[in-house]
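Enquirer: give the three-dimensional model of this entry:
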Amino acid sequence: MIVCATRSIAADLYEKIVALRPDWHSDSDDAGKIKVVYTATPADTATIKKHMRRPNATAAIKKRLKNADDELEIVIVKDMMLTGFDAPALHTVYIDRPLRGALLMQTLARVNRTFRGKEDGLLVAYAPLAENLKTALAEWTRNGDKTNDGSAGQTAAQAAEIVYDMLEQLGELVGDEWRGIYNADPKRGWIEAIISVTNALRAPATPGNVDAEDPTLRPLAEKFRLLSAKLARAWSLAASISDLERVRPDVRFYEEVRTWMAKLDAQDRVSRGEPIPDDIRRRLGDIVITSADSTGVLDIYREAGLERPDLSALTPQWLAEASKPSKAQLAIEALKAGLNEESRRVTQGNEVRRKLFSARINELMTRYTNQQLTAAEVIAELIEMAKEVVAEADRGKQFTPPLERDELAFYDVVVQNESAVDVMGDDVLAEIARDLVKTMQRDTRTDWTVREDVKARLRANIKRLLRKYGYPPDKQPLAIAQVMEQMEAFAPRIAQEREEAA
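Expert: Residues are numbered from 1 along each chain as shown. Predicted coordinates:
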């Protein structure tokens, strides 16, 4: 069993393996040496949906894995089958995601059954599980807290040494300037010091904070997360030692910076419509982070004296605050998050426009990372882009009659072909868009995205419609594929609307 961090990783790993061993693959659930098992829906990407199954098909794969004589040898999972599943023949688990507590113990239990000469199981961890395992063993095994031989835990004194070591490394990483900021202002010094360190850890202009191979990475921030997490774990064990009292303020400071970093990471993911990682959820505790309006996440801007920007009304006062060097990085992150959220809202399933805005934001941030733009220049460009995003909601009104939301999405698909625009003009392309919506409403149903016969018929109808209007023949295959992709993006919403209407 291979335990992956995400479904996308699981699907990609499958493709890599079957590329090396094509004979291991089979389209049938009853055959093949390797399978991927996770929960998927029609709303997921095409890559993930390749392994979407009905519950009875998933149950059949589980049954095959329990049968040692079946040819199935490898199953790739994310969450499923880690608990409540027993296959005595299973001998090895590869783990490439963080696991803790009861879930970690139950996952280990997948391979602890004896079977046909198998006396033990093997766990191969690619994620850092050692600390979690020590904690889980202490909590979930008999006398787990009385069997410490030095390999399954640490004494308070040993943990104290780690505290001092982590503080030294963190001091080398972030410097001591924050102490001067903190001591200079009894009222705001604490917050200003946190802002200063957080900005430095997240800003690409900080020396050593850019990865040439991945512009999105911030090496210093990643190192800080690792060191501060180790510090927090060691402090939880050693805080009772009186000698450590003198470093308590430093520990508290680094912990507060770690929390700010987690809040910003959570906001960034929420703004892009991505799930919040478990480690960030745990870090933020009871903070509700299921939406971008979470007070707990956004309080960070108010604490910094910078209100979350309203893209439709960016006041001179806000711009003046955002332009201050001490707040520029936070302003950039706030604007970027706001743009991501608002562009997702106004495009409402319009894949062309969503990807366009996303690509422009990413390109702008890459230029900032490469120091081709200053913080002030990035803020200025983000503000200009904000004006476009705000105007996006009214873009369909330029047509006569105006294009509705879904019609505008299909217009954006067919207008990507410049030769079609030159030959046919906007008005004809708008008519194609209106007819595509009618086709979608007529020919799709709840399960159409998983029915190849329905998809084939839909593609044929789209092709006939494009021919009817004289769409350039050489551009039709790409246009059909893009129209189908757009229809699949609309599928979950349309299915829900039909259920509500019924």
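
Enquirer: please make it C-alpha for all contacts and neighbour counts, starting now.
Expert: Will do.

Enquirer: residue 181 against residue 191, yeah?
Expert: No. With contact defined as CA atoms under 8 Å, residue 181 does not reach residue 191; the gap is 9.3 Å.

Enquirer: any idea how many residues pack against residue 392?
Expert: As a burial measure, residue 392 scores 15 neighbours (other CA atoms under 10 Å).

Enquirer: list the residues that contact it.
Expert: Listed by CA atoms under 8 Å, 6 or more residues apart in numbering, the contact partners of residue 392 are 346, 347.

Enquirer: what separation do you get for it and residue 341?
Expert: Distance, residue 392 to residue 341, using CA to CA, to the nearest Å: 13 Å.

Enquirer: with residue 310 instead?
Expert: Counting by CA to CA - residue 310 and residue 341 are separated by 12 Å.

Enquirer: which one's more surrounded, the two?
Expert: Neighbour count, other CA under 10 Å: between residue 310 and residue 341, residue 341 has more, with 17 against 13.

Enquirer: so that one sits right up against residue 272, yeah?
Expert: Yes. Assessed by CA under 8 Å, residue 341 is found in contact with residue 272 at 6.6 Å.

Enquirer: show me what contacts the nearest residue to residue 106 once chain neighbours are set aside?
Expert: The shortest distance from residue 106 to any non-neighbouring residue, by CA to CA, 6 or more residues apart in numbering, is to residue 83 (5.8 Å). Counting by CA under 8 Å, 6+ apart, residue 83 makes contact with 103, 106, 107, 110.

Enquirer: and the third one, what helix or strand is that in?
Expert: Which is residue 107. Residue 107 is part of helix 101-108, with elements assigned from DSSP states H and E.

Enquirer: what helices and strands are in contact with that helix?
Expert: helix 130-140 (3 or more CA pairs under 8 Å, 6 or more residues apart in numbering; DSSP states H and E).

Enquirer: can you list the buried residues in whatever helix or strand comes next after the helix it packs on?
Expert: Sequence order places helix 156-174 as the next helix or strand after helix 130-140, per DSSP H and E. Neighbour counts over helix 156-174 (16 or more other CA atoms under 10 Å) mark 156, 159, 160, 162, 163, 164, 166, 167, 170, 174 as buried.

Enquirer: which residues are in contact with helix 156-174?
Expert: So helix 156-174 is in contact with 197, 201, 220, 224, 227-228, 230-231, 234-235, 237-239, 241, 244, 250-251, going by CA under 8 Å, 6+ apart.

Enquirer: please redo it, this time with the cut-off set to 7 Å
Expert: With contact meaning CA atoms under 7 Å, 6 or more residues apart in numbering, helix 156-174 is reached by 197, 224, 227, 231, 234, 235, 237, 238.

Enquirer: after it, which helix or strand is next?
Expert: Of the helices and strands lying after helix 156-174 in sequence (DSSP H and E), the nearest is helix 177-184.

Enquirer: what distance do you get for residue 10 to residue 469?
Expert: 43 Å.

Enquirer: more neighbours: these two, which one.
Expert: Per other CA under 10 Å, whichever of residue 10 and residue 469 has more neighbours is residue 10, with 23 against 13.

Enquirer: which SSE is that one in?
Expert: helix 7-20.

Enquirer: tell me the mean pLDDT over that helix?
Expert: Averaged across helix 7-20, pLDDT comes to 95.

Enquirer: would you mind pulling up the elements that it packs against?
Expert: Secondary-structure packing of helix 7-20 (3 or more CA pairs under 7 Å, 6 or more residues apart in numbering; DSSP states H and E): helix 46-49.

Enquirer: could I have the helix it packs on exported to PDB, CA atoms only?
Expert: Provided in PDB are the C-alpha atoms of helix 46-49 (Å, rounded to 0.1, in the frame of the first residue of the first chain):
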ATOM      1  CA  ALA A  46      -9.900  14.500 -15.700                       C
ATOM      2  CA  THR A  47      -6.700  13.000 -14.200                       C
ATOM      3  CA  ILE A  48      -8.400  12.300 -10.800                       C
ATOM      4  CA  LYS A  49     -11.600  11.100 -12.400                       C
END
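
Enquirer: list the buried residues in that helix.
Expert: 48, 49.

Enquirer: and if you look at stretch 476-483?
Expert: By 16+ other CA under 10 Å, the buried positions in stretch 476-483 come out as 476, 479, 480, 482, 483.

Enquirer: with stretch 375-392 instead?
Expert: When burial is assessed from 16+ other CA under 10 Å, stretch 375-392 yields the following buried residues: 375, 376, 378, 379, 382, 383, 385, 386, 389, 390.

Enquirer: between which two of these is the distance greatest?
Expert: 375 and 390 (22.4 Å; CA to CA).

Enquirer: following the helix or strand of the chain with the lowest mean pLDDT, which helix or strand shows up next?
Expert: Taking mean pLDDT, DSSP states H and E as the measure, the chain has helix 295-303 as its least confident helix or strand, at a mean of 60. As assigned by DSSP H and E, the chain's next helix or strand after helix 295-303 is helix 316-322.

Enquirer: other SSEs contacting whichever helix or strand comes after that next one?
Expert: Next helix or strand after helix 316-322 toward the C-terminus (DSSP H and E): helix 328-347. Under the contact criterion of 3+ CA pairs under 7 Å, 6+ apart, helix 328-347 touches helix 248-271, helix 351-369, helix 375-391.

Enquirer: and residue 482, what is it in contact with?
Expert: For residue 482, the contacting residues are residue 413, by CA under 7 Å, 6+ apart.

Enquirer: quick one on the thing from earlier: I'd like the buried residues of stretch 375-392 written out as CSV, with distance to residue 397 and pLDDT added.
Expert: Shown next, in CSV, are the buried residues of stretch 375-392 (distance: CA to CA, whole Å; pLDDT from 0 to 100):
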residue, distance to residue 397, pLDDT
375, 35, 88
376, 34, 87
378, 30, 90
379, 29, 90
382, 25, 90
383, 23, 89
385, 20, 90
386, 19, 88
389, 15, 88
390, 14, 86
